[in-house]
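1. Turn this into a structure:
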Amino acid sequence: MSEQGTTLFDFLRHGQVATTGLFSSSKEEPLGSIGWKQLNHMTQDQQWDAIVTSPSRRCYDFARYLAQRLDCELTLAEGLDELNFGAWVGLTPEQIWERDPDLLQYWYQQPLRFSAPQGESMDRFVQRVRNDWDALRATYQGGRVLILTHATAIRVILADVLQIPYVKTLRIHIDYATVTRVLVHADGEMQFMAHGQKP
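-> This next block holds a predicted model:
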């Protein structure tokens with residue numbers, strides 16, 4: 001770990017899942033073969049001191065494999081799991097549009113006020129992501145940390161780092177296996193370093 005206490009966090013969105021075209025996958029949805037290739041490509045020839053992962057299988061499976069390959073610490077972060085979309089999990093956007101067109105439109109227009117049927121409120125989701133982000137900054141001081149998680153969680157953290165409303169992060173494209181790099185200095189100041197590039 002760095003003596004200066006400056007920490008580099010690489011946020012990596014999971015790769016493409018086995019069942020494509022869904023609005024939100026279930027927690028047990030695995031990566032597809034393309035997803036494994038995407039993540040292998042983005043992590044090739046890289047080294048981290050620790051890996052933190054969402055408990056969802058599409059993140060955890062690769063994180064466990066990579067931690068073994070790099071012989072580094074692996075930590076599960078429940079708070080960085082995907083927003084629970086309740087009754088919408090496992091459906092395509094077209095199926096949701098047929099059932100709940102007004103609510104789907106509301107998700108795109110007012111995401112922070114949104115709750116899917118039988119799902120988690122966006123307010124609660126944002127709070128749990130922020131809680132884990134605070135804990136990660138306190139736990140890891142110095143060195144490099146890789147965090148495998150979901151686009152929505154990365155957006156919450158980007159909003160915090162850039163000090164912008166969450167809705168503005170919707171203008172940032174976060175594709176499968178995209179890396180977002182953040183530097184946290186010893187005094188707590190956060191700096192956005194890069195997005196979308198291989199580390």
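
2. Report the residue spans of this structure with pLDDT below the cut-off.
-> 1-4 (pLDDT under 70).

3. Using CSV, write out every CA atom in the longest helix along the chain.
-> Counting residues, the longest helix in the chain under DSSP state H turns out to be helix 122-139. Extracted as CSV, the C-alpha positions of helix 122-139 are listed here (Å, rounded to 0.1, in the frame of the first residue of the first chain):
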residue,chain,number,x,y,z
MET,A,122,-34.3,4.4,-5.3
ASP,A,123,-33.8,6.4,-2.1
ARG,A,124,-32.9,3.3,-0.2
PHE,A,125,-30.7,2.0,-2.9
VAL,A,126,-28.7,5.3,-3.1
GLN,A,127,-28.2,5.3,0.7
ARG,A,128,-26.9,1.7,0.8
VAL,A,129,-24.5,2.4,-2.1
ARG,A,130,-23.2,5.6,-0.4
ASN,A,131,-22.8,3.7,2.9
ASP,A,132,-20.6,1.1,1.3
TRP,A,133,-18.7,3.7,-0.6
ASP,A,134,-18.0,5.6,2.6
ALA,A,135,-16.8,2.3,4.2
LEU,A,136,-14.6,1.4,1.3
ARG,A,137,-12.8,4.8,1.4
ALA,A,138,-12.2,4.3,5.1
THR,A,139,-11.0,0.7,4.8
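
4. contacting residues around it?
-> For helix 122-139, the surrounding residues in contact (Cβ atoms under 8 Å, 6 or more residues apart in numbering) are 7, 9, 52, 77-80, 83-84, 111-115, 145, 147, 152-153, 156-157, 160, 166, 184, 188. In short, each C-beta sits where N, CA and C put it, glycine included.
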